[in-house]
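A.B. asks: have a look; sequence and predicted model below, questions after that.
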Amino acid sequence: MALLEVEGLRVGYGFPVLMGISFEVEEGETAVLFGLNGAGKTTTVATVAGMLKPDAGSIRFMGEEIGGRAPAKLVSMGVALAPEGRRVFPSLSVANNLRLGAWTRRSKTKEVAESQELVFDYFPRLAERVDQAAGTLSGGEQQMLAIGRALMTSPKLLILDEPSLGLAPLLVQQIREIIVDINQQGTSVLLIEQNATMALSIAETGYIMETGKIVMDGPAEKLLKDDDVKEFYLGLHGDADGDRKSFREVKHYKRRKRWLS
């Protein structure tokens with residue numbers, strides 16, 4: 001039994017967005033869900049984290065159905081989301097942002113203090129800015145704070161939505177190393193990324209998503225070496241006029257070309 005099991009998930013906003021996707025995250029692993037803008041990645045994690053209700057399908061965490069449950073309930077069960085866009089409380093200090101992350105555990109004073117120390121171990125820069133308003137932090141520091149706030153829940157499953165988005169290469173490398181460390185300390189990670197090279201280099205399992213469907217999956221190491229994945233996601237495939245083709249179109253074209261030859 002996987003830690004997280006998503007099966008046949010369908011979600012829409014009056015029109016279909018997720019069209020029956022299925023994937024798993026095993027206990028202790030890092031899994032990556034990646035694809036281009038509009039693929040449905042953020043809708044997927046918002047549904048898993050309880051912010052959207054599924055139209056159909058199943059979401060099981062530790063064997064228990066959680067589809068449609070309130071986010072606060074899921075946090076108390078061990079599911080934490082660091083959302084896309086570094087969503088911090090800008091007028092509150094770093095310390096108070098972290099305290100809000102531990103709201104469901106606020107009565108456990110000692111555990112909360114230990115979690116904060118762990119966050120500061122991962123992100124020493126946050127410790128240096130503990131009394132500074134979150135809105136005055138740099139983009140990279142706000143991303144650190146968003147991840148740190150999620151870690152304050154002491155999660156079993158940490159969901160990171162586009163943690164490298166908009167960051168300088170040096171900060172991307174730092175975030176990468178921290179994700180590896182968090183996973184090695186025993187927290188399972190579901191990573192949502194467009195940066196396929198970074199994501200696949202630290203994950204055990206990868207899922208490629210396109211227009212609400214998972215079009216390819218497998219061991220991350222294998223996907224990283226796949227010629228089609230390298231060409232489309234690492235080489236940004238386009239046709240002669242510069243128009244983007246879908247991943248499925250590229251694979252269909254190559255299969256047809258091989259058959260005709």
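C.D. replies: That came in fine, so what should we check first?
A.B. asks: doesn't Tyr207 fall inside a strand?
C.D. replies: Yes. Judged by DSSP: H, G, I helix; E, B strand; the rest coil, Tyr207 forms part of a strand.
A.B. asks: that one is in contact with Val32, isn't it?
C.D. replies: Yes. With the criterion set as C-beta atoms under 8 Å, Tyr207 and Val32 qualify as a contacting pair; they are 7.1 Å apart. Quick note: C-beta positions are derived from backbone N, CA and C, even for glycine.
A.B. asks: can you report how many residues neighbour the closest residue to Gly67 other than its chain neighbours?
C.D. replies: With sequence-adjacent residues excluded and distances taken as C-beta to C-beta, 6 or more residues apart in numbering, Gly67 is closest to Ile59, at 4.2 Å. When neighbours are counted by other C-beta atoms under 10 Å, Ile59 registers 23.
A.B. asks: likewise for the one 3 residues further on?
C.D. replies: By other C-beta under 10 Å, 16 other residues sit near Met62.
A.B. asks: for this protein, which spans come out with low pLDDT?
C.D. replies: Across the chain, the ranges flagged by pLDDT under 70 are 234-261.
A.B. asks: what segments of it are strands?
C.D. replies: Under the criterion DSSP state E, the chain carries strands at the ranges 4-12, 16-25, 30-34, 56-61, 64-65, 79-82, 157-161, 188-193, 205-210, 213-219.
A.B. asks: can you add distance to Gly101 and give the ones you listed back as JSON lines?
C.D. replies: JSON lines is the format used below for the strands of the chain (distance: least, C-beta to C-beta, whole Å):
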{"stretch": "strand 4-12", "distance to Gly101": "20"}
{"stretch": "strand 16-25", "distance to Gly101": "21"}
{"stretch": "strand 30-34", "distance to Gly101": "21"}
{"stretch": "strand 56-61", "distance to Gly101": "19"}
{"stretch": "strand 64-65", "distance to Gly101": "23"}
{"stretch": "strand 79-82", "distance to Gly101": "8"}
{"stretch": "strand 157-161", "distance to Gly101": "12"}
{"stretch": "strand 188-193", "distance to Gly101": "17"}
{"stretch": "strand 205-210", "distance to Gly101": "27"}
{"stretch": "strand 213-219", "distance to Gly101": "30"}
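A.B. asks: on that earlier part again, is the residue nearest to Gly67 in a bridge, and if so with what?
C.D. replies: Ile59 has these beta-bridge partners by DSSP bridges: Val6.
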